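Engineer: predicted model and sequence below, questions to follow.
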There are 2 protein chains.
Amino acid sequence: MTSDQSEHTLSATEENIMKATHTALLKHGYADLSIARIGDELDGSKSSIYHYYDSKDDLLITLLEFTVNKFESTLDTEPSQNPAETLKQLIAKLLAPDPVEDDYQFQTVLVGFRSQAVTNSRIRAQFTHVDERLADTIREILERGIAENVFEAVNASEVTEYILATIKGGIYTRVTTDRVDAVTATHSMLVSYIDSELIQDTV
Amino acid sequence: MTSDQSEHTLSATEENIMKATHTALLKHGYADLSIARIGDELDGSKSSIYHYYDSKDDLLITLLEFTVNKFESTLDTEPSQNPAETLKQLIAKLLAPDPVEDDYQFQTVLVGFRSQAVTNSRIRAQFTHVDERLADTIREILERGIAENVFEAVNASEVTEYILATIKGGIYTRVTTDRVDAVTATHSMLVSYIDSELIQDTV
DNA sequence: GTCTATAGGTTGATAGAC
DNA sequence: GTCTATCAACCTATAGAC
């Protein structure tokens, strides 16, 4: 496997701690997250945390990896499909005006984590990596579409970054403002862009 | 004036506190910001803060307003210019791969604040407002360009949100990852979009 | 208006019983 | 492995001298 994460399965307690930290993070945000508040969401006692993790920092980095993996696994696309449809489905999943509760929670937790990348170099490295993989996913779809003559022969790397930035901007807007219409508009304009600039005119 | 902020000029001490909080925020990030750390950046004693602000929260909300005003004032564009050039200059200022130090600091501080919008409704309202005004700025340029037959007769509101999301995504990427090239690519693709989809073909 | 001192609570983390 | 009890450090905020 290519995963850099240790292969071991999580014990029931570890799973509990992950879930409790996730919930506490949603409730209070990264800045107001404390071991006590995680304990409040936990079935057992808060000190059990220190049996599995060295420190609060260690716990949070582990949760970040855990969350990123779950988030990325929800993005796995059916590769047999038309590249244009695959791309549009990916965008719809990320920019849906009212996503599935789970998806919304992932986005919220990841936005909270991401802001820590400004001052925390470990978290910054993680998100550099996250974006790299998101870009890979999009670029592969584009390159396949170009190879199959579905897409124009654009610069796949540049278009990838452009699409990815727009998606992240849309998610960011959804999670940090009440401007729901802005997300809808961003979504529909991004689809228009794909239709008019990317998809080849059928001759 | 339309500003909802009190008109009074800041005293030297207040100015000092704003600057110290700004610096402490850059150094430690929102989550690890404390009154003591703000005091470390301050000429005087940390308790002087409580003579001017009721609480840490009050101080931070004030700094947010202060920062937003300064940030927006750096965006004032020369309205006599060609709308296409005005728009491109605005984008270049926000997505420059290596912006002026002041601009970079504003973006960093605002990204830190913005993540708090997820759990803090006062801050969320502020950023809803910030985005509204940014959208107004872009929309006015687009509408002027359409009126002057420089731009195609696009849906100005939708295109505005699309451009704004891409810009925010680019800033977000710059501040939270090491993927400098991604920002450059986003910038150049956004300019290409304007050239090919927005600017009217000269007949 | 600015300072020192300090109250009173919360923080992350540990010791040690079971 | 899970618990209770506890520590020392730090937190926000205030009291009160100057």
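Structural biologist: In hand now; what should we look at? Numbers count the residues shown, from 1 in each chain, chains lettered A, B, ... in the order given.
Engineer: please make it C-alpha for all contacts and neighbour counts, starting now.
Structural biologist: OK.
Engineer: low-confidence ranges in chain A?
Structural biologist: Scanning chain A with the threshold set as pLDDT under 70 gives A:1-7, A:203.
Engineer: what ranges does it have for its strands?
Structural biologist: With DSSP state E, there are no strands along chain A.
Engineer: what's the domain layout of chain A?
Structural biologist: A:10-52, A:55-196 (the TED database).
Engineer: single out the most deeply packed of those.
Structural biologist: domain A:55-196 (a mean of 18; mean count of other C-alpha atoms under 10 Å in any protein chain shown).
Engineer: does it reach DNA strand D?
Structural biologist: No: Domain A:55-196 stays clear of DNA strand D (C-alpha under 7 Å from any atom of the strand), getting no nearer than 14.1 Å.
Engineer: check chain A and tell me which residue is nearest its centre.
Structural biologist: Nearest to the mean C-alpha position of chain A, counting by C-alpha atoms, centre = their mean, stands residue A:71 at 5.1 Å.
Engineer: gap between the spatially closest residue to it that is not a sequence neighbour and DNA strand D?
Structural biologist: In space, and not counting its chain neighbours, residue A:71 is closest to residue A:106: 6.4 Å by C-alpha to C-alpha, 6 or more residues apart in numbering or on different chains. Distance, residue A:106 to DNA strand D, by C-alpha to the nearest atom of the strand, to the nearest Å: 26 Å.
Engineer: for DNA strand C, what are the nearby residues on chain A?
Structural biologist: Contact residues (C-alpha under 7 Å from any atom of the strand) of chain A with DNA strand C: A:32-37, A:47, A:50, A:54-57.
Engineer: and of these, the nearest to residue B:22?
Structural biologist: For these, the closest approach to residue B:22 (C-alpha to C-alpha) belongs to residue A:32, at 19.6 Å.
Engineer: now do the contacts for the closest one.
Structural biologist: residue B:31 (C-alpha atoms under 8 Å, 6 or more residues apart in numbering or on different chains).
Engineer: kindly report the same for residue A:83.
Structural biologist: If a contact means C-alpha under 8 Å, 6+ apart, then residue A:83 has A:141-142, A:144-145, A:150 as its contacts.
Engineer: what's the farthest-apart pair in these?
Structural biologist: A:141 and A:150, at 10.7 Å, using C-alpha to C-alpha across the contacts of residue A:83.
Engineer: a markdown table for the residues of chain A next to DNA strand C, including distance to residue A:24?
Structural biologist: Shown next, in a markdown table, are these (distance: C-alpha to C-alpha, whole Å):
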| residue | distance to residue A:24 |
| --- | --- |
| A:32 | 9 |
| A:33 | 7 |
| A:34 | 9 |
| A:35 | 9 |
| A:36 | 10 |
| A:37 | 6 |
| A:47 | 16 |
| A:50 | 17 |
| A:54 | 19 |
| A:55 | 17 |
| A:56 | 13 |
| A:57 | 15 |
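Engineer: ok so, going back, ok, the residue nearest to residue A:71 to residue A:74 distance?
Structural biologist: 10 Å (C-alpha to C-alpha, to the nearest Å).
Engineer: before we move on, the earlier item: against residue A:194, how distant is the residue nearest to residue A:71?
Structural biologist: Per C-alpha to C-alpha, residue A:106 is found 26 Å from residue A:194.
Engineer: for the longest helix seen in chain A, packing partners?
Structural biologist: Assignment by DSSP state H gives helix A:121-147 as the longest helix of chain A. Helix A:121-147 is packed against helix A:83-95, helix A:101-115, helix A:156-176, helix B:156-176, with contacts defined by 3 or more C-alpha pairs under 8 Å, 6 or more residues apart in numbering or on different chains; DSSP states H and E.
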